[in-house]
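J.: model this:
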Amino acid sequence: MEDSDSDAALIERALRTAGVANPIQRIGNGTDALALLTIKERSSAAIDPAPLGILLLDLKLPDQSGFDILKIIQSRQFFSRVLKVVISSAGDMENIKRAYTLGADSFISKPVTLVDLRELISSFPDRWVLVDSATAKAPVPPEEPDPYKDAAHVWAANQQIIQVLRENLRVLHSQLADNEETFVIIQTLAEELRSELGLPHSNKLKKRSPNLF
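T.: This next block holds a predicted model:
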């Protein structure tokens, strides 16, 4: 789902260059996107000549945002089998986290590159129809590091671990009467991890309880 003609053309060209042969159907607004998804869901019990296997979703769509669509389909069983990939220029950490919370399987920041698509394909190899072409195997120049993009990849690859961490944080929060103490503990542990990895401190730890350790 992409409303920009130029972005849609760029994404399709990148997919074909990466060797992807899956049929592509473009939808330009949120209302039509939901209508198509509903049709695909209802026809899933019958023989569908074009089953929905991959959903490429822009966050900034007319009528309905990409977040709205993710929220609507999140609880519908049919879409649990669909690979949901958010492709957006709004690649800040809050949008990345929100997309994954609403059920996205991967997040790619615009502009889409061959490196991004090849990593996506290798992460979900059973979802793609690929052609063996010299173009698809052509080397790609290295990109500048993008911390948000790297975080998105880590998030996608470690969702089970992240879920366990979330549950542990909920338990910690429920056992502490003072909410501020929860955040102090989390920030303290984060700073300790930064020290172990040799990373600079964030300077965001305003106070530390003397009874933590």
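
J.: Mind giving me the packing neighbours of the longest strand seen in the chain?
T.: Longest strand in the chain by number of residues (criterion: DSSP state E): strand 83-88. Judged by 3 or more Cβ pairs under 8 Å, 6 or more residues apart in numbering; DSSP states H and E, strand 83-88 is in contact with strand 54-57, helix 66-73, helix 93-101, strand 106-109. Backbone N, C-alpha and C define where each C-beta goes, glycine included.

J.: Outside of the second one itself, list whatever touches it.
T.: Read that as helix 66-73. Residues outside helix 66-73 that contact it (Cβ atoms under 8 Å, 6 or more residues apart in numbering): 1, 30, 33-34, 37, 57-61, 79, 82, 84, 86, 88, 98-99, 102-104.

J.: In this structure, where is pLDDT below threshold?
T.: Within the chain, the segments meeting pLDDT under 70 span 1, 44-52, 132-159, 176-179, 201-213.

J.: Pop the domain breakdown of it in here.
T.: Domains of the chain are assigned by automatic domain parsing as 5-145, 158-213.

J.: Out of these, which is the most enclosed?
T.: The highest average neighbour count among the domains of the chain, using mean count of other Cβ atoms under 10 Å, belongs to domain 5-145 at a mean of 16.

J.: Just give me how far it sits from the chain centre.
T.: Distance, stretch centre to chain centre, for domain 5-145: 10 Å (Cα atoms, centre = their mean, to the nearest Å).

J.: if we can go back for a sec, quick one: which of the helices and strands packed on strand 83-88 is nearest residue 173?
T.: For those, proximity to residue 173 was assessed by Cβ to Cβ; helix 93-101 is nearest, at 17.1 Å.

J.: Just the CA trace of the lengthiest helix in the chain, in CSV.
T.: As assigned by DSSP state H, the longest helix anywhere in the chain is helix 179-197. These are the backbone C-alpha positions of helix 179-197, laid out as CSV (Å, rounded to 0.1, in the frame of the first residue of the first chain):
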residue,chain,number,x,y,z
ASN,A,179,6.8,3.8,39.5
GLU,A,180,9.9,6.0,39.4
GLU,A,181,11.9,3.2,41.0
THR,A,182,11.1,0.9,38.0
PHE,A,183,12.6,3.4,35.6
VAL,A,184,15.6,4.0,37.8
ILE,A,185,16.4,0.3,37.8
ILE,A,186,15.9,0.0,34.0
GLN,A,187,18.1,3.1,33.3
THR,A,188,20.8,1.8,35.7
LEU,A,189,20.9,-1.6,34.0
ALA,A,190,21.1,0.1,30.6
GLU,A,191,24.1,2.2,31.7
GLU,A,192,25.8,-0.9,33.1
LEU,A,193,25.3,-2.6,29.7
ARG,A,194,26.7,0.4,27.9
SER,A,195,29.8,0.3,30.1
GLU,A,196,30.3,-3.4,29.4
LEU,A,197,30.1,-2.8,25.7
